[in-house]
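S.K.: quick check, what structure comes out for this input:
(2 chains)
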Amino acid sequence: MTKLVYFRLALNNLWKNRKTYLPFLLASTLLTFTMYSFLMITFNPGLNQMHGGMVFITVLDFGIGVVGLFTAIFLFYANSFLIKRRKKEMGLYAILGMEKKHIGRVLFHELSMTWVLSMAIGLGLGILLTRLMFLLIRLVIRVDVPLVGTVSATALWSTLILFALLFFLLIVYNSWQVRSVNPIDLLRGGQTGEREPKARWILAVLGLIFMGAGYWLAQVVNNPMEAIALFFVAVILVIIGTYLLFLTGSIALLKLLKNNKHFYYRAKHFISVSGLLYRMKQNAAGLASIAILCTMAMITVGTTVALYNGSEKMLDSYYPNDVQITLKTPEDQAAFANDNTAFAAKAGVTITSYKAFSAYEATFS
Amino acid sequence: MALLEVRNLQKVYTTRFGAQKVQALSNVTFTVEKGEFVAIMGESGSGKTTLLNILAALDRPTGGQVLLDGKSLTDVKEAEKAAFRRDNLGFVFQDFNLLDTFSIRDNILLPLVLQNKPLSEIEARLTPLVSRLGLRGLESKFPYEVSGGQKQRAAVARALITNPRLLLADEPTGALDSKASAKLMRMFEEVHESRQTLEMDTHSAQAASYASRVLFIKDGEVYNQIYMGDATRENFYQKIIATLTALTDGGVAGD
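M.R.: Below is the predicted model of the structure:
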């Protein structure tokens, strides 16, 4: 009976805060859907029979890692944003006589419900759109991929467990946040005020260096093999650089503007610079994440379009001849050289040009 | 026996690295009988908010004792404090602290829901309280739809619905205009007449003149206290003003 109260309170909270919780639910649903789709394709038994299937699986595995990482970062960011907004509410609950473990219980119910809902909708969508995903893959790689089945139990379980783990971490984080709520702060209201952020010059310069190094690496590469190795180094450098620049560089720049008295004491600059100084402290991480996501999306779209349009060219350079036959022993080679016209006739073509290479000659000459 | 007994209360705040010590309360002793309406007055920084926080079991004293019905607040374990507040105390704040996402009715009922009372009792307690505090017809409205005075009355209803032994109010008229303040104080007077014990922090002599006793706090000590007794409210108000003047003048002379 007592437990039911917290459950009802949690349900009520979700409903009353629906304007802020709906985006969170939507995001976690979409992330569930994306994760399931990736897993479902990776675990598909048909891939092993496909030419180049192993490479495809390796790339997908890497993709799952990236999606997982972003899911974790995004869920944590959104959750901490929501919990910060509700500190006052939690303080009030504590004063009105709700023990901290009970507040924790309400938050636990809220997150559990969000988990159940996003699993149900996200996985439902994933199952419904399985065929669409298969169709898209066929369209993009232009090979008849032997994808089979409609529902993948392994993918379902993996998604459920992965998200359960992530939500468990969110619950741990929230309980820790609840413990730090001090009811007296609520009594004092907003009197405490916020301290002006400090400019951290070393980190700002470091951010600039990381960012520069990342882009420089990306520019100087001219050989595709090197590019694969350096690509990730450059990406990580740019990500670190972006976060540092937004978190410390923005504040350093604003401080610089503030110290320039001829600039600062102007009607327009006065309000915007001092206001931004406080706002940037709270929003820098969010803005940096948005910047990184935008860059990622642009890179993904860019490389995908380039790869897709360049696929004919790549085919030509890998396979310059119409037909290529690999024979392993010299006896086979001799037999085929005698018979090739008959072989071609059987296939309904005539030979216009014929070249034979020996692997040994090619390697040792 | 007194409902509330405060004995030699001390509170010293230490800054994080122990560099500075601030004596918020040096030696406060007083008692509150059941059914009294006590106002606590003092300048900013006199320690009255600290005192209220300690009475509310939100803060721990560094010395002395607070007894509510003979039970020491310092003996209440940290984990039981929330339950203790819920079952014994009612709170009214300067800036109302209603939850914006709850209707007036739900805001008032929140403590009872947290106490897990049956629905029939919840409703039985709500109806008389709502009409007593002049909130009828506003139950389904949301806090942003009603005036400041109405919000504060809803907050008083929320504090009273648990039948607390002690109602604590921190500057309840601080965010209200004079008309809404007078109305709220008349409500407090009525609540007081129903044998409810009240304790209120205030800056306003006008608000304090509705109390049955006024305690003056200065530099962390009880400087003086005056009773309303048989005086009229106007008379009592004049006495409060006179004491306040002496309080500030005395400070100058004493230094």
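
S.K.: drop to CA atoms for contacts and neighbour counts, all remaining ones
M.R.: Noted.

S.K.: low-confidence ranges, the chain, go.
M.R.: Using chain A. A:1-3, A:145, A:148-150, A:186-196, A:224-225, A:358-365 (pLDDT under 70).

S.K.: my bad, the chain I had in mind was chain B
M.R.: Scanning chain B with the threshold set as pLDDT under 70 gives B:16-18, B:250-255.

S.K.: now the strands for it?
M.R.: B:4-14, B:21-32, B:37-41, B:63-68, B:71-72, B:89-92, B:166-170, B:197-202, B:213-218, B:221-227 (DSSP state E).

S.K.: so which of those strands is nearest A:Ala337?
M.R.: strand B:4-14 (96.5 Å; CA to CA).

S.K.: just the buried positions in that closest one, please.
M.R.: For strand B:4-14, a neighbour-count test (16 or more other CA atoms under 10 Å in any protein chain shown) marks B:Leu4, B:Glu5, B:Val6, B:Arg7, B:Asn8, B:Leu9, B:Gln10, B:Lys11 as buried.

S.K.: so what touches that strand?
M.R.: Strand B:4-14 has contacts (CA atoms under 8 Å, 6 or more residues apart in numbering or on different chains) with B:20-34, B:50, B:60-70.

S.K.: one more pass at 6 Å, please.
M.R.: Under the contact criterion CA atoms under 6 Å, 6 or more residues apart in numbering or on different chains, strand B:4-14 has outside partners B:20-32, B:61-68.

S.K.: kindly report the same for stretch A:268-278.
M.R.: Residues contacting stretch A:268-278 (CA under 6 Å, 6+ apart): A:Tyr264.

S.K.: and that stretch, how far out from the chain middle?
M.R.: 34 Å (CA atoms, centre = their mean, to the nearest Å).

S.K.: save the buried residues of strand B:4-14 as JSON lines, and put in distance to A:Arg179 too.
M.R.: Output for the buried residues of strand B:4-14, formatted as JSON lines (distance: CA to CA, whole Å):
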{"residue": "B:Leu4", "distance to A:Arg179": "30"}
{"residue": "B:Glu5", "distance to A:Arg179": "31"}
{"residue": "B:Val6", "distance to A:Arg179": "29"}
{"residue": "B:Arg7", "distance to A:Arg179": "31"}
{"residue": "B:Asn8", "distance to A:Arg179": "31"}
{"residue": "B:Leu9", "distance to A:Arg179": "27"}
{"residue": "B:Gln10", "distance to A:Arg179": "26"}
{"residue": "B:Lys11", "distance to A:Arg179": "24"}
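
S.K.: between the residues you listed, which is nearest chain A?
M.R.: Proximity of the buried residues of strand B:4-14 to chain A (CA to the nearest CA) peaks at B:Lys11, which lies at 14.9 Å.

S.K.: is it true that A:Leu287 lies in a helix?
M.R.: Yes. Under DSSP: H, G, I helix; E, B strand; the rest coil, A:Leu287 sits within a helix.

S.K.: roughly how far does it sit from chain B?
M.R.: Distance of A:Leu287 to chain B, given as CA to the nearest CA, to the nearest Å: 28 Å.

S.K.: the closest residue to that residue other than its chain neighbours and chain B: what is the separation?
M.R.: Setting aside the residues directly before and after it, A:Leu287 is nearest to A:Phe246 in space (CA to CA, 6 or more residues apart in numbering or on different chains), at 7.3 Å. Separation of A:Phe246 from chain B (CA to the nearest CA) stands at 30 Å.

S.K.: near A:Phe246, how many other residues are there?
M.R.: Using other CA atoms under 10 Å in any protein chain shown, the number of residues around A:Phe246 comes to 23.

S.K.: can you check B:Glu33 too?
M.R.: What B:Glu33 shows, counting by other CA under 10 Å, is a neighbour count of 14.

S.K.: does it touch B:Leu68 like I think?
M.R.: No. Under the criterion of CA atoms under 6 Å, B:Glu33 makes no contact with B:Leu68, lying 10.5 Å away.

S.K.: identify the contacts common to these two.
M.R.: Taking CA under 6 Å, 6+ apart as the contact rule, B:Glu33 and B:Leu68 both touch B:Leu3.

S.K.: which ones are touching A:Thr248?
M.R.: A:Arg200, A:Ala204.

S.K.: no wait, A:Leu39
M.R.: Applying CA under 6 Å, 6+ apart, the residues contacting A:Leu39 are A:Ala155.

S.K.: so it: helix, strand or coil?
M.R.: A:Leu39 ends up helix, using three-state DSSP.

S.K.: any idea how far A:Val67 is from it?
M.R.: Separation of A:Leu39 from A:Val67 (CA to CA, to the nearest Å): 11 Å.

S.K.: give me the buried subset of the contacts of strand B:4-14.
M.R.: For the contacts of strand B:4-14, buried by 16+ other CA under 10 Å: B:23-28, B:31-32, B:61, B:63-68.
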